[in-house]
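Colleague: All I have is the shape, not the residue letters:
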């Protein structure tokens, strides 16, 4: 199949990405009812008032300071009573209002985050009103305070960029150490056989020392940058105090006018820390010119400019010979590794912008050799919904979807309370696989990743597991790493990889029509292998 040039592919990908995310303002309200519009209008009005309240409060404080400056004690006492009578009712009214606001926010969002999305509009109004009030009351003082803003913004930008780079270097060093440990443990018998314990330990210590150096460098740099950042902030304070005192001495400003820009500066310079946004994931996946090499083998390129798209609800199969990069795509989607270059988009958003914990809550995984804990079947399935409560009814429902409920009910009196494990002989390979499918479906994922999930099964077990996988894939974006190509005939799209690149893609019928095609060759080879397996089974039966 002819492939487009890289430059044209990137343009098309960017165009499709932008077109899929562009939404008009009117479209956002297409499902709104009349009551919704009333609530939106009222909410906007109250947000405007609430946002403007804080900077206007600085104006009130400035006037109060003026009233208390250079006055007699009798006047101050009378004015204090007057202020109490004026503002206490407002405070009494706002207290239950703010309480109800916070209570509703916690209930609707599920968790109380630092600066919720509901406050973004109010905060913007507050900031803009702050500037207006400050320039009206004392434009010279405001300009003096804001003169340090460019330097502060530059310092924050440099700080963020350097911290991000040093963090990536540190994580990379730890990733290399982890890859080495994984490699040693996976071949532990070989290591012992050749007395390679000391050599492996030295290699591991070397990687840890590198990670330690990166951590020290990161800590030192963060300390210097943070110190410089606070130096700028305190210099801004000093500049404000100096100019404020000068203007009061020259009778250009009174004390209250100086306090207004000072209080507003506290608002606008405050740094807010946003928690990870809980985006609602739809399930569109897009690889754009992705290159990747494992940290332990940087010279071996696994993916070389891989680009493909899996739309919501589609089943996309990845086929190819061993080492072509199929399973690597699965690991990149789960963010076990970061792409060396290129972009992976989920719903048009770069995957690195998602919190890994939140992203994995929307992903279900079924691997080739599922690991089951030495716990009951119920507990193994419930493990798929970490951090949330899974009822027995939900567990039985996903077990039925995975074609596991019937054989579980036949396990005697214990049924779902039967204790199993990775080495337990009570369950066959197909039964364990179906328990793993149920575990993957429990969180109701929008993305389902199947990594050669039937390759280790016999043909009888494969049929039952494949039926479960076909049922599980309905309505979900499914990425299948295919070992037995007979299991992906019904996929919406089959992508054939070779050395990390796409050489063919299309449906089963389309690919079978390509003369001397790679996919057709793989299918014929597997047919021949299946015939040999059947002949071997018949010989064993005769003997």
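Modeller: Perfect, thanks for sending it. Predicted model only: the values in this text are computed from it and were never measured.

Colleague: residue ranges for the strands of the protein, please.
Modeller: 285-292, 303-310, 315-320, 341-346, 349-350, 363-366, 447-451, 477-481, 493-498, 501-506 (DSSP state E).

Colleague: Switch the ones you listed over to TSV; also include mean pLDDT and distance to residue 157.
Modeller: Placement of C-beta: from N, CA and C, glycine included. TSV is the format used below for those (pLDDT from 0 to 100; distance: least, C-beta to C-beta, whole Å):
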stretch	mean pLDDT	distance to residue 157
strand 285-292	96	26
strand 303-310	95	31
strand 315-320	92	39
strand 341-346	94	22
strand 349-350	92	20
strand 363-366	86	33
strand 447-451	89	34
strand 477-481	92	36
strand 493-498	93	40
strand 501-506	93	37
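
Colleague: right, and those - which one's nearest residue 177?
Modeller: Across those, residue 177 has its closest neighbour in strand 285-292 (19.2 Å, C-beta to C-beta).

Colleague: how big is the angle separating that closest one from strand 477-481?
Modeller: With axes from the mean of the first three to the mean of the last three C-alpha atoms, to 10 degrees applied, the angle from strand 285-292 to strand 477-481 works out at 40 degrees.

Colleague: neighbouring strands for strand 285-292, and are they parallel or not?
Modeller: strand 303-310 (antiparallel), strand 341-346 (antiparallel) (DSSP bridges).

Colleague: buried set for it?
Modeller: 285, 286, 287, 288, 289, 290, 292 (16 or more other C-beta atoms under 10 Å).

Colleague: What is the nearest of these to residue 406?
Modeller: Using C-beta to C-beta, the buried residues of strand 285-292 come closest to residue 406 at residue 285, 33.1 Å.

Colleague: Just grab the bridge partners of the closest one for me.
Modeller: residue 310, residue 346.

Colleague: i'd like the first residue to be 4 from this point on
Modeller: With 4 as the first residue, the last one maps to residue 288.

Colleague: what sits against it?
Modeller: 312, 313, 336, 347, 348, 349, 450, 480, 482 (C-beta atoms under 8 Å, 6 or more residues apart in numbering).

Colleague: tally of neighbours for the second one?
Modeller: So that's residue 313. The number of residues packed near residue 313 is 21, by other C-beta atoms under 10 Å.

Colleague: likewise the last one?
Modeller: For residue 482, the tally of surrounding residues (other C-beta under 10 Å) stands at 24.

Colleague: now do the third one
Modeller: Neighbouring residues of residue 336 were enumerated by other C-beta under 10 Å; the total is 21.

Colleague: I'd guessed residue 357 sits against residue 349; true?
Modeller: Yes: if you go by C-beta atoms under 8 Å, residue 357 and residue 349 touch, sitting 6.4 Å apart.

Colleague: between those two, which one's more packed in?
Modeller: Counted by other C-beta under 10 Å, residue 357 and residue 349 do not tie: residue 349 has more neighbours, with 23 against 20.

Colleague: For residue 315, see how far away that one is.
Modeller: For residue 349, the distance to residue 315 equals 11 Å [C-beta to C-beta, to the nearest Å].

Colleague: Residues that sit against both of these two, list them.
Modeller: With C-beta under 8 Å, 6+ apart as the test, residue 349 and residue 315 both reach residue 287.

Colleague: now the strands paired with strand 288-295 in a markdown table, with distance to residue 405?
Modeller: Converted to a markdown table, these look like this (distance: least, C-beta to C-beta, whole Å):
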| stretch | distance to residue 405 |
| --- | --- |
| strand 306-313 | 22 |
| strand 344-349 | 25 |
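
Colleague: Quick one: residues contacting residue 418.
Modeller: 380, 411, 412.

Colleague: Narrow those residues to those in helices?
Modeller: 380, 411, 412 (DSSP state H).

Colleague: Verify the contact between the first one and residue 410 for me.
Modeller: Okay, so that is residue 380. No: when contacts are counted by C-beta under 8 Å, residue 380 is not listed as touching residue 410 (10.1 Å).

Colleague: Give me the more crowded residue out of those two.
Modeller: Neighbour count, other C-beta under 10 Å: between residue 380 and residue 410, residue 380 has more, with 26 against 16.

Colleague: could you measure the more buried one against residue 448, distance?
Modeller: From residue 380 to residue 448 the distance is 20 Å (C-beta to C-beta).

Colleague: in this protein, what secondary structure element scores lowest on mean pLDDT?
Modeller: helix 9-24 (a mean of 45; mean pLDDT, DSSP states H and E).

Colleague: For burial, what's the neighbour tally of the closest residue to residue 331 other than its chain neighbours?
Modeller: Among residues not flanking residue 331 along the chain, residue 305 sits closest, at 5.0 Å (C-beta to C-beta, 6 or more residues apart in numbering). Residues lying near residue 305 (other C-beta under 10 Å) number 24.

Colleague: What does the pLDDT read for residue 305?
Modeller: Looking at residue 305, its pLDDT is 93.

Colleague: can you check residue 396 too?
Modeller: The model's pLDDT for residue 396 equals 91.

Colleague: Need the contact partners of stretch 510-521.
Modeller: Residues contacting stretch 510-521 (C-beta under 8 Å, 6+ apart): 4, 323, 491-497, 499, 501, 506-508, 522-523, 526.

Colleague: Just say which of the strands paired with strand 288-295 is most tucked in.
Modeller: Of all these, strand 306-313 has the most neighbours on average by mean count of other C-beta atoms under 10 Å, namely a mean of 20.

Colleague: hmm, who's touching it?
Modeller: So strand 306-313 is in contact with 9, 12, 16, 19, 287-295, 319, 328, 331-332, 342, 345, 480, 482, 496, 498, 500, 502-505, 508, going by C-beta under 8 Å, 6+ apart.

Colleague: Residue 454 reaches residue 484, doesn't it?
Modeller: Yes: in this structure, residue 454 is within contact of residue 484 by C-beta under 8 Å, at 4.7 Å.

Colleague: okay, and the common contacts of those two?
Modeller: 330, 333.

Colleague: quick revisit: wait, which of the contacts of residue 288 is closest to residue 44?
Modeller: residue 349 (34.0 Å).

Colleague: Return the residues in contact with the closest one.
Modeller: 284, 287, 288, 357, 362.

Colleague: can I get those in TSV with distance to residue 399?
Modeller: Formatted as TSV, those follow (distance: C-beta to C-beta, whole Å):
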residue	distance to residue 399
284	26
287	31
288	30
357	31
362	28
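
Colleague: just to revisit the earlier point, want to throw the buried residues of strand 288-295 into JSON lines with distance to residue 246?
Modeller: Converted to JSON lines, those look like this (distance: C-beta to C-beta, whole Å):
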{"residue": "288", "distance to residue 246": "55"}
{"residue": "289", "distance to residue 246": "53"}
{"residue": "290", "distance to residue 246": "55"}
{"residue": "291", "distance to residue 246": "51"}
{"residue": "292", "distance to residue 246": "53"}
{"residue": "293", "distance to residue 246": "54"}
{"residue": "295", "distance to residue 246": "55"}
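
Colleague: Name the residues of stretch 388-408 that are buried.
Modeller: 388, 393, 397, 398, 399, 401, 402, 404, 405, 406, 407, 408.

Colleague: same check, this time on stretch 370-381
Modeller: 370, 371, 373, 375, 379, 380, 381.

Colleague: can those go into CSV with extra columns for distance to residue 230 and pLDDT?
Modeller: Listed next are the buried residues of stretch 370-381 as CSV, based on distance: C-beta to C-beta, whole Å; pLDDT from 0 to 100:
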residue, distance to residue 230, pLDDT
370, 48, 80
371, 51, 74
373, 51, 73
375, 52, 78
379, 55, 88
380, 56, 91
381, 54, 90
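
Colleague: And these, which is closest to residue 220?
Modeller: Nearest member of the buried residues of stretch 370-381 to residue 220, counting by C-beta to C-beta, is residue 370, at 37.1 Å.

Colleague: Going along the chain, name the helices of the stretch 304-453 of the chain.
Modeller: Assigned by DSSP state H, counting those that start in this stretch, the stretch 304-453 of the chain shows helices spanning 329-336, 359-363, 380-385, 395-404, 408-412, 432-444.
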